[in-house]
Structure formats: C-alpha cells, structure tokens
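Enquirer: pasting the structure only:
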C-alpha cells in the first residue's frame with residue numbers, strides 16, 4: 001500500500017505501540033534531576049549540565065529534563081499537562097514506594113482510591129503533579145465496566161484515604177479485595193479536590 005495516498009488507510013490513524021518518554025523543561029535543573037532520580041529509583045543514561053536522560057527500566061530513557069534559560073515558574077491556572085502517572089504491579093508495591101519516598105522526605109499531596117486504581121500523588125520541585133498507582137481490578141474489562149457504571153459516573157474522582165492506614169491494613173494481613181474496594185461517598189465534583 002502506498003503511503004502517499006491517505007484515503008487507502010481507513011478512518012483511524014494507527015495507534016502507537018507505547019508511550020515511551022516525557023520531557024520536562026526547567027530553570028531548576030539540579031533539584032529536578034535529583035528529585036526524579038530519587039522518586040523513580042532512576043539513573044542517567046546521558047547527562048550534561050543542561051540535559052539529563054533518565055531511565056528505570058529497559059527503555060533508554062523514560063524522562064528527560066532540560067535546562068531552558070528563561071523558563072518561568074509553573075502557573076497552575078494555565079492549560080497544559082495535569083500530571084504524569086506511573087503504575088506499580090501490586091498495592092504492596094505502591095505502599096512500599098510510599099514508605100520509601102516518605103523516608104527520604106518526599107510526601108504525597110493527595111491519596112485517593114479512584115475505583116479503577118488506588119493512587120498516591122506527589123509534586124516535583126517545579127510543581128508538576130505525579131501519580132503513582134496500582135490497579136484495583138484484575139482485568140481491563142472489569143475496570144471499564146466500573147467506569148461505565150453509575151458509581152463512577154457520580155464520582156469520577158474517587159475517595160481520599162490515608163496512606164498510613166493503607167500500609168497498616170496491608171501489614172495486618174487484611175485482604176486485598178477489601179483494601180482496594182473504593183469506599184463510596186456519593187457525588188464528588190472537581191471543586192472538592194484538595195490540591196487545587
């Protein structure tokens with residue numbers, strides 16, 4: 001098939017195979033690089049005084065941070081990317097990383113059970129929001145079913161929780177199903193979010 005005739009390809013653009021990396025611009029270079037090394041357990045695959053490529057897995061870089069002179073502080077009222085999200089395989093891993101980050105002084109700004117995920121949010125030194133999450137359902141189909149239902153429709157944001165209580169429940173041996181099940185609080189609007 002010739003690639004110069006877009007009418008032959010069908011109505012939908014081919015989707016990517018993966019989201020590979022994010023690039024952040026900053027005027028706060030050294031603190032941002034150190035934060036993400038600590039936060040992600042990452043190392044550099046390449047770094048100079050103004051550019052750092054970081055990875056934590058088999059991808060050559062998952063995050064790049066560039067020093068751009070004249071970059072101004074983040075304006076939380078402007079349009080743009082709301083947050084980055086990183087997933088963990090289990091609720092135990094999510095709780096472990098919460099404790100590890102807390103031990104090095106990185107504290108969350110919001111902890112919430114969205115329903116499909118249990119999530120803990122942080123801010124980096126520039127004020128960018130970062131979500132860490134683990135899935136609450138065993139399959140994508142179960143998560144999609146919950147998201148299409150009335151409970152999620154009435155509260156797409158979720159129910160806040162205390163990460164210390166989450167860790168305590170896991171330490172006590174409480175079953176994962178009860179820990180990951182969202183406590184329903186009724187309708188919730190965006191104006192109730194604690195980090196706005």
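Expert: Structure received. As the structure is a prediction and not an experimental result, all values here were calculated from the model. Numbering: from 1, shown residues only.
Enquirer: How about residue 161, nearest residue that isn't a chain neighbour?
Expert: Excluding its sequence neighbours, the residue lying closest to residue 161 (C-beta to C-beta, 6 or more residues apart in numbering) is residue 111, at 5.3 Å. C-betas here are computed from N, CA, C, even on glycine.
Enquirer: just checking, that neighbour touches residue 158?
Expert: No: counting by C-beta atoms under 8 Å, residue 111 does not reach residue 158; the two are 9.7 Å apart.
Enquirer: per the record, what domains does this structure have?
Expert: 21-71, 82-196 (automatic domain parsing).
Enquirer: With respect to residue 10, which of those domains lies nearest?
Expert: Among those, domain 82-196 comes nearest to residue 10, with 23.9 Å by C-beta to C-beta.
Enquirer: Quick check: neighbours shared by residue 111 and residue 158?
Expert: Shared contacts of residue 111 and residue 158, defined by C-beta atoms under 8 Å, 6 or more residues apart in numbering, are found at residue 119.
Enquirer: ok, and for the lowest-mean-pLDDT helix or strand in the chain, which residues are buried?
Expert: Within the chain, no helix or strand scores below helix 176-180, which has a mean of 92 by mean pLDDT, DSSP states H and E. Buried positions in helix 176-180, judged by neighbour count with 16 or more other C-beta atoms under 10 Å: 179, 180.
Enquirer: Give the other helices and strands that it contacts.
Expert: helix 91-103, helix 163-171 (3 or more C-beta pairs under 8 Å, 6 or more residues apart in numbering; DSSP states H and E).
Enquirer: now the strands for the protein?
Expert: Applying DSSP state E to the chain gives strands spanning 22-26, 43-48, 51-55, 63-67, 83-88, 110-113, 117-123, 129-135, 159-160.
Enquirer: Residues contacting the first one, please?
Expert: Yep, that's strand 22-26 we're talking about. In contact with strand 22-26 (C-beta under 8 Å, 6+ apart) are residues 32, 62, 63, 64, 65, 66, 67, 68, 71, 84, 126, 128.
Enquirer: again with the fifth one
Expert: For strand 83-88, the external contacting residues (C-beta under 8 Å, 6+ apart) are 22, 40, 94, 97, 119, 121, 128-135.
Enquirer: Would you mark the buried spots in it?
Expert: Buried-residue list, strand 83-88, by 16+ other C-beta under 10 Å: 84, 88.
Enquirer: quick one: that strand to strand 117-123, angle?
Expert: 130 degrees (axes from the mean of the first three to the mean of the last three C-alpha atoms, to 10 degrees).
Enquirer: Quick check: closest non-adjacent residue to residue 169.
Expert: Once flanking residues are discounted, residue 169 sits nearest to residue 179: 5.2 Å by C-beta to C-beta, 6+ apart.
Enquirer: what's the answer for residue 187, then?
Expert: Leaving out its chain neighbours, the residue that sits closest to residue 187 by C-beta to C-beta, 6+ apart is residue 154, at 4.7 Å.
Enquirer: Next one: that neighbour from residue 72, what distance?
Expert: Between residue 154 and residue 72 the distance, using C-beta to C-beta, to the nearest Å, works out to 39 Å.
Enquirer: what's the answer for residue 63, then?
Expert: 21 Å.
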